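Enquirer: Below are the sequence and a predicted model; questions follow.
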Amino acid sequence: MKVLPSSLREKKRYLAFRLETEGDGPVDRKALLDEVYHATQALLGDAGSAEIGYRLMGFDGTGGILRVGRGRVEEARAALATVYAIRGQRTTIAVTGVAGTVRAATEKYIVSENIPPTNILSMQISGTASGIAVRRKGEEIDIVPDDKEVLRRGNTRYLGLTSSDIVTNRTQE
Amino acid sequence: MVPAPMKPDDAGASYDAGASYDAHFYDLDTHPYPEGSSSPSRMLLVARRLGYAGVCALHHAEFFSAARPLPDGVLRGVEVAAANAQELRRGIDRFRGRVGVLAVHGGDEAINRAACEDSRVDVLTHPHEGKAPGINHVIAKLAADHGVAIEFSLAPVVLARGGARVRALAAYRATFALVRKYHAPYVITSGAASSYDLRDPRSAVALCRLFGMGERDALRGLAQVPAEILRRASPGYVAEGVEIVDNDNATRGG
């Protein structure tokens, strides 16, 4: 079939996004799409999903570019905001910017900081809360707290701290 | 001459040109550690990354401690829960002098009403949580008269699915219509129990559109009304229009 001339194609917008996840390692492309479709389906139904017309243009496990129909950006934002977990791991999709071309979205809104989280193996910490530190990413430190009730109330796998919350055992002495 | 590069047009047809995202956004309802599973500083770190100027640690009374230090940018707040109006007044007496933001745990219609009759209350949280919508024309007018902000928490919209979310959106729609009619103040919050529950201001606006709140109205609930509550919490504030601007000679401006 002949390709539609560009003037007759529907206008698109490209959302640059970044994932914030509690899971280990990069997020699977299929898992992300399943969750996005599922959340959109639940919020806007089949007709709404079809109008948005998602297409994942690029994705590296932590962020990427999602194509949506022009004039559907707000619906897409709302639907993406209702994603709260991917494959059972708490994850949020933060839209960092919207552009009219893939190139503009990439150049303006994809920040390649990509500090990979370091796994700290069972280091006892105290300070704001006490527990076992499991990983660190920049200033952010995730711990398994002694008090497991906070995880139930917060509905997360770890207790999230920052470096300012921590008093290491060595400095305490 | 090189012609100036053409700017791409707005990402959506429905943007309001007068709305500004440069304002100072505050999320007045978060429940950090020890109530939820992000420390106050982690909650603040993520909120700032999303575009907020600060958050309020709005603990329920059993998790509240006036002695616990909070980082700059995290306001101290309390969410008073009570079984009846008398108990509520006692709770407000107990906490008003110790917090920047005093909220009432809403839901019960008698509590909603009692909260909106008391000018010392800053925010009435999730008023719809009972079976009834929670806010009627009488309560909306009281809220407007006493400057009590009605909360629209995004938590049920983000986290619930199916019937529970439908009921929340329907209640928000009805409540917002009354709030707008009587010019009652309102705030938009995340109700976050961890940093993964926070949503950036643009997402919050997109979610508010789902229950009939426009962009400008949503930004008001994210920035202007919280700013007003913060101003009341600042040390020099005396009463509406009366503020100590210079502590040395106690000059009062108005």
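Expert: Great, that's in hand.
Enquirer: ok, and the closest non-adjacent residue to A:Ser164?
Expert: B:Ser41 (5.1 Å; CB to CB, 6 or more residues apart in numbering or on different chains). Just so you know, the C-beta spots here come from the backbone N, C-alpha and C atoms, and that holds for glycine as well.
Enquirer: which secondary structure element contains that neighbour?
Expert: Using DSSP states H and E, B:Ser41 maps to helix B:40-50.
Enquirer: In terms of secondary structure, what does that helix contact?
Expert: If contacts are counted by 3 or more CB pairs under 8 Å, 6 or more residues apart in numbering or on different chains; DSSP states H and E, helix B:40-50 sits against strand A:159-162, strand B:25-30, strand B:52-60, strand B:74-80.
Enquirer: Per-residue pLDDT of the residue nearest to A:Ser164, please?
Expert: Note on B:Ser41: pLDDT of 96.
Enquirer: Can you give me the neighbour number for it?
Expert: A count of neighbours around B:Ser41, defined by other CB atoms under 10 Å in any protein chain shown, yields 24.
Enquirer: I'd guessed it sits against A:Leu161; true?
Expert: Yes: between B:Ser41 and A:Leu161 there is a contact under CB atoms under 8 Å: 7.3 Å.
Enquirer: What separation do you get for B:Ile135 and chain A?
Expert: Distance of B:Ile135 to chain A, computed by CB to the nearest CB, to the nearest Å: 23 Å.
Enquirer: What values do phi and psi take at the residue nearest to that residue when sequence neighbours are not counted?
Expert: Of all residues not flanking B:Ile135 in the chain, B:Thr175 sits nearest, at 4.6 Å (CB to CB, 6+ apart). Backbone geometry at B:Thr175, expressed as degrees, to the nearest 10, gives phi -60, psi -40.
Enquirer: cool, and A:Ala47?
Expert: With angles defined as degrees, to the nearest 10, A:Ala47 sits at phi -60, psi -40.
Enquirer: Residues of the stretch 151-254 of chain B that sit close to chain A?
Expert: Residues of the stretch 151-254 of chain B lying close to chain A by CB under 8 Å from any CB of the partner chain are B:154, B:157-159, B:161-162, B:193-200, B:202-207, B:209-210.
Enquirer: Just the buried ones from these?
Expert: Applying a neighbour-count criterion of 16 or more other CB atoms under 10 Å in any protein chain shown, the buried members of those are B:154, B:157-159, B:193-200, B:202-207, B:209-210.
Enquirer: Which of the residues you listed fall in helices?
Expert: Using DSSP state H, the members of these that fall in helices are B:Val157, B:Val158, B:Leu159, B:Arg202, B:Ser203, B:Ala204, B:Val205, B:Ala206, B:Leu207.
Enquirer: Tell me where the chain has helices.
Expert: Reading this off chain A. Going by DSSP H, chain A shows helices at A:29-52, A:73-81, A:102-109, A:149-154, A:169-172.
Enquirer: look at chain B instead
Expert: Using DSSP H, the helices of chain B run over B:40-50, B:85-95, B:109-116, B:137-146, B:155-159, B:163-181, B:201-208, B:215-219, B:225-233.
Enquirer: Good, wrapping up.
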